[in-house]
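**Student:** Here you go, sequence then predicted model.
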Amino acid sequence: MKRDRTNRIGKADKACRAYASPWVLAGLVVLLAATMAVSCMFGAVDISLSEMTQGSNIFWDLRLPRVLMGAAVGAVLSVCGAAYQSIFRNPLTDPYVLGVSSGASLGAAVAILLGMEVYVWGVGGMALAAALLTVVLIYRIASIGNRLHTTTLLLTGVCLTLLISAVISFLMVLNQEKMESIIFWTMGSFGSSTWADVWTMLPVAAVGIGVVLWYGRDLNLLLAGSEAAQSMGCEVEKVKRVLLLFTTLMVAFAVSSCGVIGFVGLIVPHAVRLVAGPDNRKVVPYSMLCGAIFVLLCDTLARTVLRPSELPVGSLTSMVGAPLFIYLLYKNKKGL
């Protein structure tokens, strides 16, 4: 037992000295830029590169804000997933484990039933408030003195998610004329993204991702366990609280802007780990870029597969991501 702990400490300490490859980052940035350009071109109405450069209204008013929002949300969900998986030392943890998305869904459902779609940030604002309220409730339940009990936090999030899902189902049964709107919102879509949404989301994403990157070394230490991390100078409880605060805010803003987009925070960071290893100084920046690319590809498919109709992007992230994730697990199962 002591030897195993020593080995974990040694691995964590070694991981703290590693950084992301600038060549890999540059390649991912180029790939993201290309994906954004292609995503701007295709949709219910295709536009050419010349039309984009000449200031097409479709490009500036509809396509570009949608693409920027998709990239930001994909980056946020992936980075939050990477952080949660290290904090809880559980590869199956994703941004929705705390019940943030469920709380946001309930807030949005109530806003839709009250007819708040006509107001700017009517649905999004209610979703954000409900998400933050849900997180505060979970934190209060899971806190013991000045310590945050992670097991209780996870269990509380799961229980509240199930409870809120039941409440949403009950509301939809009582208000069937609004059921389609609620279902489509809970499955995620960037169709209504505006420049106001982009300018709200980008600063939140930049600050939140910056905080997670800053704590990359501490995330590596947490992989060795709380006691081992404490012995190597990590302020465990402070790090957990700061990271959970900023990641929760990012997820809340993302969900309140575009609805629930599942599976991204689970598969992207885990797939990156299978390819690049467990070091969070690589996993976090790689996940940020890969998550943005993945969501943009799914959103492009969502608006072109059945055009002029549009699929919820959340359903495509699961349909595309699950087989890819299973394939990666199969190819790397000996290393797990």
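**Tutor:** Yes, it's here.

**Student:** how near is Trp121 to Tyr19?
**Tutor:** Plainly put, Trp121 is 39 Å away from Tyr19 if you go by Cβ to Cβ, to the nearest Å. (Each C-beta comes from the backbone N, C-alpha and C, glycine too.)

**Student:** Tell me which of those two has more neighbours.
**Tutor:** Taking other Cβ atoms under 10 Å, Trp121 and Tyr19 do not tie; Trp121 has more neighbours (16 against 11).

**Student:** The host helix or strand of Trp199 - contacts with which helices or strands?
**Tutor:** Following DSSP states H and E, one finds Trp199 within helix 195-214. When contacts are defined as 3 or more Cβ pairs under 8 Å, 6 or more residues apart in numbering; DSSP states H and E, helix 195-214 sits against helix 64-87, helix 236-258, helix 280-304.

**Student:** Quickly compare the ones you listed and say which is most buried.
**Tutor:** Comparing these by mean neighbour count (mean count of other Cβ atoms under 10 Å), helix 64-87 comes out on top with a mean of 28.

**Student:** Mind listing residues that contact stretch 149-167?
**Tutor:** With contact meaning Cβ atoms under 8 Å, 6 or more residues apart in numbering, stretch 149-167 is reached by 87-88, 90, 93, 96-99, 101-103, 105-106, 134, 137-139, 141-144, 240.

**Student:** who's in contact with the spatially most central residue of the chain?
**Tutor:** Nearest residue to the geometric centre of the chain (Cα atoms, centre = their mean): Leu77, 1.3 Å. Shown in contact with Leu77 (Cβ under 8 Å, 6+ apart): Pro95, Val251, Ala254, Ile261, Val264, Gly265, Val268, Gly291, Val295.

**Student:** Can you give me the pLDDT of it?
**Tutor:** The score at Leu77 is 94. That number is its pLDDT.

**Student:** Quick check: it vs Thr248, distance?
**Tutor:** 12 Å.

**Student:** same check, this time on Tyr84
**Tutor:** Note on Tyr84: its distance to Thr248, by Cβ to Cβ, is 10 Å.

**Student:** Over to Ile58?
**Tutor:** As for Ile58, its distance to Thr248 is 35 Å (criterion: Cβ to Cβ).

**Student:** Same check on Val239?
**Tutor:** 14 Å.

**Student:** Likewise for Gly259?
**Tutor:** Gly259 is 17 Å from Thr248, where distance means Cβ to Cβ.

**Student:** re earlier: what does the helix holding Trp199 rub up against?
**Tutor:** So helix 195-214 is contacted by 65, 68-69, 72-73, 75-76, 79-80, 82-83, 120-121, 124, 219, 242-243, 246-247, 249-250, 253-254, 257-258, 284-285, 288 (Cβ under 8 Å, 6+ apart).

**Student:** Is Cys258 in contact with Phe190, as I believe?
**Tutor:** Yes: assessed by Cβ atoms under 8 Å, Cys258 is found in contact with Phe190 at 5.3 Å.

**Student:** Between the two, which contacts overlap?
**Tutor:** Met69, Val73, Val313.

**Student:** got CSV for the residues you listed, with distance to Phe170 and pLDDT too?
**Tutor:** CSV is the format used below for the shared contacts of Cys258 and Phe190 (distance: Cβ to Cβ, whole Å; pLDDT from 0 to 100):
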residue, distance to Phe170, pLDDT
Met69, 31, 96
Val73, 28, 95
Val313, 26, 90
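
**Student:** What is the nearest of those residues to Glu227?
**Tutor:** Val73 (35.8 Å; Cβ to Cβ).

**Student:** give the contact list for the closest one.
**Tutor:** Contacts for Val73 (Cβ under 8 Å, 6+ apart) come out as Phe190, Met201, Ala254, Ser257, Cys258, Ile261, Val295.

**Student:** How about Thr134?
**Tutor:** By Cβ under 8 Å, 6+ apart, the residues touching Thr134 are Leu98, Gly99, Val100, Ser102, Gly103, Ala104, Leu106, Leu160, Ile164.
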